[in-house]
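**Student:** With the sequence up front, the predicted model follows.
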Amino acid sequence: MDTEILARIQFAFTIAFHYIYPPLSIGIGLIMVIMEGMYLKTRNKQYEVLTRFWLKIFAITFGIGVATGIIMEFEFGTNWAVYSRYVGDIFGSALAAEGLFAFGLESAFLGILLFGWNRVSPKVHFISTIGVFIGSMFSAVWIVVANSWQQTPAGYHIVGEGFDARAEVTDFWAMVFNPSSVDRIIHVWQGAFLAGAFLVLSVHAYYLLKGRYLKISKKAFKIALGLATVVSLSQLISGHSSAEVVAEYQPAKLAALEGHYDANDAADMYLFGWVDDESQEVTGLKVPGGLSFLLHQNFEEPVTGLNIFPKEDRPSQVNAIFQFYHIMVSIGMFLIGLTLYGSYLWWRGTLFEKKWLLRIFAFSVLLPQIANQVGWFAAEMGRQPWIVYGHLRTNEGFSQEVSSNQILFSLILFLVVYAILFLLFLYSVNKKIKQGPYDESKNPDKFLKYV
Amino acid sequence: MEIFLGVDYPTLWYLVVGILFSGYGILEGFDYGAGAWHLFFKKDLSRRIAINAIGPLWDANQVWFIIGGGALFAGFPVMYATMLSAMYIPFMLFLMLLVLRSSAIKFRSAEKMLWWRKTWDIIYFVSNTLISFLLGVVLANILQGFEIGENLSYKGGMFFAFLNPYAIMVGLTTVSLFMTQGAIFLLLKTEGRLHARLTFLLKKGMILFIVSFSATSLYTLVFLSGVTDKFKEYPIFFAIPMLAFLAVANVPRLVSKKKYAYALVFSSLTMMFLLMLVAFQLYPVLLPSTIDPEYSVTIYNAASSQKSLGIMLTIVAIGSPLLVGYFLFLYKTFHGRVKLDDMSY
């Protein structure tokens, strides 16, 4: 296989694996902030038990997130040297800000969060929890800013030609607030909150089904359900607004998301379907003119189609992009339905009576994770063939001096190490869940004294 | 070119990157060093204490590496890209070892089975030692230069070209310096028999360091031409190696007086002076070309734009006091000897 393909496979694999963990950390982080805040406000020990329990799972998640994240930071240079030289000037300030403001904050307070229970006062501990949470939110901001700049570049000019060409900052704030960054940051945060909330929902639904830790599980379930309901609904707004930006700045990507080829036609919106790139036909269930309506509030208005772009300037994997996007949207809709129904029952006071619903919640933990993954795949594949939209092609961006054998070597290494890491993650999280927040043979107050 | 306090922006950023990597060397130096002693402790409890001594700190210490890498990408994207792609294999091994090391810290004490703990102990020891060694290897390779041709990109090949005699010598020096640093740090954190054993081990570590350091210095003076040119030009900078020597000579005295905190400061100073020496030798070159000095990557041809450097220097000016504040608070909180509790590794 050639170097470019291997470099792309390796990057996709390492980033997809990495992206299992940070969203969980951000989501669990927010829930821990709520739980510990409730504990400080009410002085109810049950919230402390919950905070301590989720802290243990957070520790594993965060640890793997950091370990796999360092690799990402250096993989730009090892495998995408040309790209790194091209964007360094732009990424620079975002990365410097991320390092100092986000990573510095979260990693310094992490030690106190994990090991400081007996060394600092509850208030200082709570501040550390907030510090780690805010730090993880910030790190998402800066990396999404950098990625959004690749999608919708702004605040820059191109200097030099050929090999020496590179983008330089002309307006820092225009670069930071490029057209797509705000919507995408919010959308990424929301995806992260859902990942965390649904892990909490799943674990406590499992306890409720098993009849264990009933009191605290009901409390935790309600916190997570409230959060998940608000977030899944509001994610519609950021999703819609993101799509409008894509329509304006990356029309080829938008056309690929719905498999829309014909430039002079109104665009349909599919609930599901299958794209045949040869015949340019989509078979599936659709709302005719649906995409035109969403963008222009008019079912007949034409939308830019893929055929406007020369073959070499538009994404080639249209069906994959279409599928990834539709899986994300369907999961989003399902989560809205699920959390709204759950909230309705909560209001009626019968939330914990329906076993089948708890069972669905227990299994739904995978859904936000899948949606996060496929959403990113749709976004990144939809940007192709560009690595920096409209300026630098992916096939120009990789390290020319690295041989395919070298990448094959590192790729195999990653596959082995990450497979082990993933098994360790599943094993230890599963163990923590099975062990539970405290030993049930003792009551929680006794447990806390023992601690 | 923009100037601040009489120094141009690329030079200022060179200092920023230098300070960040020195901070990384000093702080992770004692973490890696503590890990490189791991198998020298026989009892399970001793090993747990050694890991928990760095427990709340290592993640924060590691952040200096993350910020340093970001700063290199940010300020000298050409250096970042050329160096990482040229040293693809050592960097990939290095990164993988970092992952294994974090896993070992997290998972080692999670199970009670003997085989489980022994396996992780070996992984922990090997990864810490090799990480330290590879850092030295990378440094040596930078000093020796690369086959950099036109367009500031790497033209060499060879899978294992990075492992040459000089690189191995610098690698061993780094390992022994970190082990010295690690042993002093653990002396601060332990008591009883483990403490006594560490006092004994520290002596071995220091002897190893002095031997390998002397050998490396000799090799540098004899075989690496051009290294001493700069000193002939600016004799005042001979002060740096002298200071490094004085700092390291002070360590055994302070240890015998049981002033471990001061000993740690002085072994850190040693490391700082040695890195200053390297930085001074190279400046303004970042990566010398062995093909033609014209092709060398320097802080000027590798730098980001003046505008971008200006923004980043502002970010550093705002961010670094915050970072220092977090670290002071963290170290103050975990001051003193290790106490194991239910959250410990």
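**Tutor:** Arrived safely.
**Student:** Could you pick out the residues of the stretch 201-345 of chain B near chain A for me?
**Tutor:** Proximity of the stretch 201-345 of chain B to chain A is assessed by CB under 8 Å from any CB of the partner chain, with B:304-305, B:307-308, B:311-312, B:315-316, B:318-320, B:322-323, B:326-327, B:329-330, B:333-334, B:339, B:341-344 identified as the residues in range. C-beta coordinates here come from the backbone N, C-alpha and C atoms, glycine included.
**Student:** for whatever helix or strand A:Ile336 lives in, what is the average pLDDT?
**Tutor:** According to DSSP states H and E, A:Ile336 maps onto helix A:318-348. Averaging the model's pLDDT scores along helix A:318-348 yields 92.
**Student:** which residues in chain A form strands?
**Tutor:** Secondary structure of chain A by DSSP state E: the strands cover A:156-159, A:166-169, A:269-276, A:281-287, A:386-388, A:392-393.
**Student:** re the thing from before, write the ChimeraX selection for whichever of the residues of the stretch 201-345 of chain B next to chain A are buried.
**Tutor:** Entered in ChimeraX, the line below selects the buried ones among those, by 16 or more other CB atoms under 10 Å in any protein chain shown:
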select /B:304,305,307,308,311,312,315,316,319,320,323,326,327,329,330,333,334,343,344
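**Student:** what sits against the residue lying closest to B:Gly33 once chain neighbours are set aside?
**Tutor:** Distances taken as CB to CB, 6 or more residues apart in numbering or on different chains put B:Gly182 closest to B:Gly33, at 2.2 Å, once the chain neighbours are dropped. For B:Gly182, the contacting residues are B:Gly29, B:Phe30, B:Asp31, B:Tyr32, B:Gly33, B:Ala34, B:Gly35, B:Ala36, B:Trp37, B:Gly205, by CB atoms under 8 Å, 6 or more residues apart in numbering or on different chains.
**Student:** Quick check: B:Leu139 vs B:Tyr166, distance?
**Tutor:** In this structure, B:Leu139 and B:Tyr166 are 10 Å apart, going by CB to CB, to the nearest Å.
**Student:** and if you look at B:Pro90?
**Tutor:** Here the criterion is CB to CB. By it, B:Pro90 lies 14 Å from B:Tyr166.
**Student:** Between those two, tell me which one has more neighbours.
**Tutor:** Counting neighbours by other CB atoms under 10 Å in any protein chain shown for B:Pro90 and for B:Tyr166 shows that B:Pro90 has the greater number, 20 against 17.
**Student:** In this structure the more buried one contacts B:Leu134, no?
**Tutor:** Yes. Assessed by CB atoms under 8 Å, B:Pro90 is found in contact with B:Leu134 at 5.7 Å.
**Student:** and the closest residue to B:Pro56 other than its chain neighbours, what does it touch?
**Tutor:** In this structure, B:Pro56 finds its nearest non-sequential neighbour in A:Gly111, 3.3 Å apart by CB to CB, 6+ apart. For A:Gly111, the set of contacting residues under the criterion of CB under 8 Å, 6+ apart consists of B:Gly55, B:Pro56, B:Leu57, B:Asp59, B:Ala60, B:Leu330, B:Thr333, B:Phe334.
**Student:** What's the local residue count around A:Lys286?
**Tutor:** Neighbouring residues of A:Lys286 were enumerated by other CB under 10 Å; the total is 18.
**Student:** Chain B contacts on the stretch 251-400 of chain A?
**Tutor:** Counting by CB under 8 Å from any CB, the residues of the stretch 251-400 of chain A that sit close to chain B are A:Ser399, A:Gln400.
**Student:** and the residue of the stretch 251-400 of chain A found nearest chain B, backbone torsions?
**Tutor:** Distances between the stretch 251-400 of chain A and chain B by CB to the nearest CB are smallest at A:Ser399, namely 3.9 Å. Here the main-chain torsion angles of A:Ser399 (degrees, to the nearest 10) amount to phi -70, psi 110.
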